[in-house]
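Novice: structural data only, the sequence is not supplied:
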């Protein structure tokens, strides 16, 4: 746990935690609103956004890429709304039509444009390269954290993601009341003027911001996993919203740390000499946590009363069958 | 362009022809089964299925590379993909039934976790010292460029078989989609039918992996059925239309992709299907943008004409420019705004219509409330003749009495 750790692992782990926490926090509301797959759609749409930005500007500067991806995400959400309303298409299908089309457009554009000189490919957008975000200036070990010069050489993704996580937290605090009412009772929210439609759209925009900021560091697959798995597992632990958020943050942090460590060192423990994709491993660990919650989470059947009712029903049906 | 035409007319070599026809058959089968999945409102389940294939693909590759030294055995890869996709499907089903989580959360969780684990296995493959690693990458986005003839033929035949299964099972599928309970009383096992539906979906997905890639194959089962929905309200026809759109997208997309460089097959096929979708969204006679616009304009004109005629009958001046335009065009008024003979007759008729409708609304308020656009449709077209006769019989004495 010396200088090597600070140089090679500290920054990726920190980035993994930031991405996981910001996505998991927003994911709680997506899961409760039955919009889990919006995260999936938005992170696919990031690809045409970044390729489009590259074709227009000719650079892979982070600013242009992020802007392009953000615009693509918001445009995609608007098109989904239009297809759903105008064509009277079922929401899931509307989403499927739009995100696959845009993703296909991104793939085609990528193949058509000359991106051989820059590092831009579909695989990168899908599963990123968390391991490459090393901090060379951290060679001094832990004391480097206090050295302003070394801190300035941190990979730019880290401060960017810290900012996004902060923005997510501020968004949740500011719109907490509206989000909660809109999530649990949209009709009531409408009747008291809490603008559930507008707040819902703001939530989607925040989802897009989080997904776009994360894709560059970790790729979209971990983003989709973090929007859904920790919140879903948290939902099986408790009936109350604030504890659910707390559980989801805990699960997200555990997935990020355990996933990174397993990817980096797991194969070494098994005697192999390579490491595996950290993004994929983090998603896998979050899935394992969800599986555990599905098997043993105290609220996996629903609220306490619902579980009791179910137990009584199964008991009575059992006694019925015994009588027969 | 000539290359495209050659590919379209199957003149660009045997391999290209087989790939193009295979893509068409695949698109047709995917469109047909996708229709039932759409009607069952489970379109995005196919997304979980397609992403769920990755770990199986990678494991099959590793096992084959370990056993034979070359992992690119299409049958083994397909079997592995099918197995892991089945596992994913069972997970979605289990999570939805056993826990409080909704289906969308289950789908999202399964697709991201399976895909993530698949990526982990892919990095394991990269570290293996075996050849043919590029072969596995082709399954992510689909590639027909280096496809062997035997592979193309396998795909075509398998797609044809699944299409035949859909045809054989179309009746139970349709019944379960529309009325589960009725289907159950007719002796159809709903769970088994659902399972069969998912099985066919899974087969189509696995077969299509090599052509469209696992990120995009889901589009082939969603876009053509949604497109078909714009053209018909009948399930039987919808299946046929969806299959036709899917086949056309596969055929044209396959030909375009074969005719040039840097034209990835999956993306081109999906974009072709999307083009059909966009056209249908605009042009469909029943639910399209254009027909909606036309209906709305026609409705507005009718409201203005009716209001203008009523104003004429009451001898009031008309100021609204659109109303004046509508009345002028119908020949009801002259350029100076004075009613023509025809206009006066039409105005009298409009007053009578309005009175009949008002009477109907007073006598039968419930039935009247249930009618669309009531009052604007000529009454003898909207109501049965005996009702109209009864209404006018009641109205005439009232009119004469007032006089």
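Specialist: That came through, no problem. This structure is a prediction, so every number in the text was calculated from the model and none was measured. Residues are numbered from 1 along each chain as shown, chains lettered A, B, ... in the order given.
Novice: number of nearby residues for the spatially closest residue to residue B:15 that is not a sequence neighbour?
Specialist: In this structure, residue B:15 finds its nearest non-sequential neighbour in residue B:149, 5.6 Å apart by Cβ to Cβ, 6 or more residues apart in numbering or on different chains. Quick note: C-beta positions are derived from backbone N, CA and C, even for glycine. Residue B:149 has 11 neighbouring residues, counting by other Cβ atoms under 10 Å in any protein chain shown.
Novice: phi and psi next, for residue B:149.
Specialist: phi -60, psi -40 (degrees, to the nearest 10).
Novice: next one: residue B:339
Specialist: Dihedral angles (degrees, to the nearest 10) for residue B:339: phi -70, psi 140.
Novice: isn't it up against residue B:333?
Specialist: Yes - counting by Cβ atoms under 8 Å, residue B:339 touches residue B:333, with 5.4 Å between them.
Novice: what comes into contact with stretch B:245-255?
Specialist: B:4, B:7-8, B:19-32, B:34, B:144, B:211, B:220, B:223-224, B:227-228, B:265, B:268-273, B:276 (Cβ atoms under 8 Å, 6 or more residues apart in numbering or on different chains).
Novice: just these: which are in strands?
Specialist: With DSSP state E as the criterion, strands contain none of the contacts of stretch B:245-255.
Novice: let me know the distance separating residue B:241 from residue B:268.
Specialist: When distance is defined by Cβ to Cβ, to the nearest Å, residue B:241 is 22 Å away from residue B:268.
Novice: more crowded one of the two?
Specialist: Legend: neighbour count by other Cβ under 10 Å for residue B:241 and residue B:268, higher for residue B:268 (27 against 23).
Novice: ok, the more buried one - contacts?
Specialist: Residue B:268 neighbours (Cβ under 8 Å, 6+ apart): A:104, A:108, B:253-254, B:256-257.
Novice: one more: residue B:152?
Specialist: For residue B:152, counting by Cβ under 8 Å, 6+ apart, the contacting residues are B:15, B:18-19, B:22, B:144.
Novice: residue A:240: how many residues sit nearby?
Specialist: Neighbour tally, residue A:240, other Cβ under 10 Å: 10.
Novice: kindly report the same for residue A:110.
Specialist: Neighbour number of residue A:110 under other Cβ under 10 Å is 24.
Novice: would you check that it makes contact with residue A:53?
Specialist: No - applying Cβ under 8 Å, one finds residue A:110 not in contact with residue A:53, separated by 11.9 Å.
Novice: need the residues of the stretch 151-300 of chain A near chain B, please.
Specialist: A:221-222, A:224-225, A:227-229, A:232, A:235-236, A:263, A:267, A:272, A:274-277, A:279-284, A:286-287, A:290, A:294, A:297, A:299-300 (Cβ under 8 Å from any Cβ of the partner chain).
Novice: may I see the PyMOL selection of the buried members of these?
Specialist: For anyone working in PyMOL, the buried entries among these, judged by 16 or more other Cβ atoms under 10 Å in any protein chain shown, can be selected with:
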select buried, chain A and resi 221+222+224+225+227+228+229+232+235+236+263+267+275+276+277+279+280+281+282+283+284+286+287+290+294+297+299+300
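Novice: so residue B:289 makes contact with residue B:282?
Specialist: Yes - with contacts counted by Cβ under 8 Å, residue B:289 reaches residue B:282, the gap being 4.9 Å.
Novice: any residues in contact with both of the two?
Specialist: Counting by Cβ under 8 Å, 6+ apart, nothing touches both residue B:289 and residue B:282.
Novice: how many neighbours does residue B:45 have?
Specialist: Neighbours around residue B:45, by other Cβ under 10 Å: 28.
Novice: kindly report the same for the one 3 residues further on.
Specialist: Each residue near residue B:48 was counted by other Cβ under 10 Å, and the total is 27.
Novice: would you confirm that it contacts residue B:107?
Specialist: Yes - because the distance of 4.4 Å satisfies Cβ under 8 Å, residue B:48 is recorded as touching residue B:107.
Novice: any common contacting residues for those two?
Specialist: Joint contacts of residue B:48 and residue B:107 (Cβ under 8 Å, 6+ apart) are residue B:92.
Novice: so where's the stretch 201-350 of chain B uncertain?
Specialist: Within the stretch 201-350 of chain B, not a single segment meets pLDDT under 70.
Novice: which parts of it sit against chain A?
Specialist: So far as Cβ under 8 Å from any Cβ goes, the stretch 201-350 of chain B lies against chain A at B:215-216, B:218-219, B:222-223, B:225-226, B:229-230, B:262-264, B:266-268, B:270-271, B:274, B:277, B:281, B:287, B:289, B:292.
Novice: what subset of the residues you listed is buried?
Specialist: B:215-216, B:218-219, B:222-223, B:225-226, B:229-230, B:263-264, B:266-268, B:270-271, B:274, B:277, B:281, B:287.
Novice: just the contacts of residue B:152 now: which is nearest residue B:103?
Specialist: residue B:22 (32.3 Å; Cβ to Cβ).
Novice: could you measure the closest one against chain A, distance?
Specialist: In this view, residue B:22 and chain A are 19 Å apart by Cβ to the nearest Cβ, to the nearest Å.
Novice: and the closest residue to that residue other than its chain neighbours, what element?
Specialist: Distances taken as Cβ to Cβ, 6+ apart place residue B:156 nearest to residue B:22, at 3.8 Å, with adjacent residues excluded. In the assignment (DSSP states H and E), residue B:156 maps to helix B:149-168.
Novice: other residues contacting the following helix or strand past that helix?
Specialist: The C-terminal neighbour of helix B:149-168 among helices and strands, as given by DSSP H and E, is helix B:170-178. Contacts to helix B:170-178, defined as Cβ under 8 Å, 6+ apart, come from residues B:36, B:39-40, B:166, B:182-183, B:186, B:188, B:190, B:193-194, B:196-197, B:235-236, B:239.
Novice: so which of these is the closest to residue A:83?
Specialist: residue B:39 (17.6 Å).
Novice: quickly find the element holding the nearest residue to residue B:269 once chain neighbours are set aside.
Specialist: Computed as Cβ to Cβ, 6+ apart, the closest residue to residue B:269 that is not its neighbour in sequence is residue B:253, at 3.2 Å. Here residue B:253 sits within helix B:235-258, counting by DSSP H and E.
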